[in-house]
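> Sharing a sequence plus its predicted fold:
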Number of protein chains: 2
Amino acid sequence: MSYLRERIRRDGVIYPGNVLKIDSFLNHQIDPKIMREIGEAFYEHFGDRKITKILTIESSGIAPAIMAAVRFDVPMLFAKKTRPSTLKADEAYVSEVYSYTKKTTSTVVVPKDYISGDDAVLIIDDFLANGEAASGLIDIVRQAGASVAGVGICVEKSFQKGRERLDAAGIEVYSVVRIREINYERQEIVFREDH
Amino acid sequence: MSYLRERIRRDGVIYPGNVLKIDSFLNHQIDPKIMREIGEAFYEHFGDRKITKILTIESSGIAPAIMAAVRFDVPMLFAKKTRPSTLKADEAYVSEVYSYTKKTTSTVVVPKDYISGDDAVLIIDDFLANGEAASGLIDIVRQAGASVAGVGICVEKSFQKGRERLDAAGIEVYSVVRIREINYERQEIVFREDH
């Protein structure tokens, strides 16, 4: 069993409305053992895809993405939620990402210089829920004329529409942990066992 | 010679006003070889300090900090620039960080649960210029009653006041690369050789 799944079961905090807080070991405080497992798991799954670049979105995607980048030995790049003052508008790929949690839309930005038409890009993120962040990043990869080699996720909420949406778009998704159900009343997390 | 220094010399872009842009390999797009060097360099310098936690600030500190955390095998934690909705005000340590580049003050937040009085904390950041971010993080560590084991920096601008300020406060600083001078007219970066 994955160590990440073990920590979710032990230390995840369940809130109403399918909210699972795993800030104490994944995306605010970060357990290095989980990060090593994640880097290995992504490499085991996508290692033969001739990936040339890892792309994520700040801030909580950065740690798993850098672990993947070190394992694949390719550059990692993160989309920023504000355009740096040294980057002109026409020098950037831009997409919109809606957050259901925060109920806000962010404009995410990647310098054009950092993705080329030859790149095979692996997109990494901490959570997959409705697939908004992944879709924004896929949009950026396609604007660059590059190919999406796949999407690697730490924790997938399989009961929300993101997985289905990416499957329907023909994007290969691999998630280290897949959650079938988060039950607030019973304070229970049910995992999918079929991968 | 450090690979990071080599990349700065080759690919750093100098702007007026001592601005050095190294977004293409350190803090927007990230070279995994630099990250491995940084993790090793911090461990070589601070490895005997019985460090129990790595602390940084989002977003550009996260990659070097997670590399250090994996090498030290201790949890990494980053201060956020906004308080998460699930974190109550009295559950967080808070400090103010002024950015000379952006001319804005950020309130940075760390959950109280994640630092205890027993912790020996290594603070990591990508740049040291005026020392504002490092000082805000030191303030948070002290609010928690924990000890500051040191400050690890990827790129230090030794001609700005941050280094002197931390030295004067008795904080041990180690920087992978130290820059003595950034000369816009000559388009030249002069490194310190004395470490």
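Perfect, I can see it now. All values reported here derive from a predicted model rather than from experimental measurement.
> these two touch, right, residue A:22 and residue A:7?
Yes - when contacts are counted by C-beta atoms under 8 Å, residue A:22 is listed as touching residue A:7 (7.5 Å). Every C-beta, even on glycine, is put in place using the N, C-alpha and C of the backbone.
> okay, those two: which has more neighbours?
Shown here are residue A:22 and residue A:7; by other C-beta atoms under 10 Å in any protein chain shown, residue A:22 has more neighbours (21 against 18).
> List the contacts of the residue nearest to the more buried one when sequence neighbours are not counted.
Using C-beta to C-beta, 6 or more residues apart in numbering or on different chains and skipping the chain neighbours, the partner closest in space to residue A:22 is residue A:12 (5.1 Å). Taking C-beta atoms under 8 Å, 6 or more residues apart in numbering or on different chains, we find residue A:12 in contact with A:20, A:21, A:22, A:189.
> Mind picking the two most distant members of the residues you listed?
A:21 and A:189 (11.7 Å; C-beta to C-beta).
> Beta-bridge partners for the spatially most central residue of chain A, please?
Nearest to the geometric centre of chain A sits residue A:125, at 1.2 Å (C-alpha atoms, centre = their mean). Following DSSP bridges, residue A:125 is listed with bridge partners residue A:153.
> Run through the residues that contact it.
A:56, A:57, A:60, A:61, A:64, A:133, A:134, A:137, A:151, A:152, A:153, A:154.
> Local confidence estimate at the nearest residue to residue A:86 once chain neighbours are set aside?
Closest residue in space to residue A:86, ignoring its immediate chain neighbours: residue B:21 at 5.6 Å, by C-beta to C-beta, 6+ apart. For residue B:21, the model assigns a pLDDT of 93.
> Residue B:21 reaches residue B:13, doesn't it?
Yes - counting by C-beta under 8 Å, residue B:13 is a contact partner of residue B:21 at 4.3 Å.
> of those two, who's got more company?
For residue B:21 and residue B:13, the more surrounded residue by other C-beta under 10 Å is residue B:21, and the numbers stand at 16 against 12.
> how about that one, what does it touch?
Residues in contact with residue B:21 (C-beta under 8 Å, 6+ apart) are A:86, B:12, B:13, B:14, B:15.
> Which one of these is nearest to residue B:51?
Using C-beta to C-beta as the measure, the one of the contacts of residue B:21 that approaches residue B:51 most closely is residue B:12, at 29.8 Å.
> Distance of that closest one relative to chain A?
Residue B:12 is 12 Å from chain A, where distance means C-beta to the nearest C-beta, to the nearest Å.
> What are the buried residues along the longest helix seen in chain A?
Longest helix in chain A by number of residues (criterion: DSSP state H): helix A:32-46. Buried residues in helix A:32-46, counted by 16 or more other C-beta atoms under 10 Å in any protein chain shown: A:32, A:34, A:35, A:37, A:38, A:39, A:41, A:42, A:43, A:45, A:46.
> circling back to that earlier point, what separates the residue nearest to residue A:86 from residue A:166, distance-wise?
34 Å (C-beta to C-beta, to the nearest Å).
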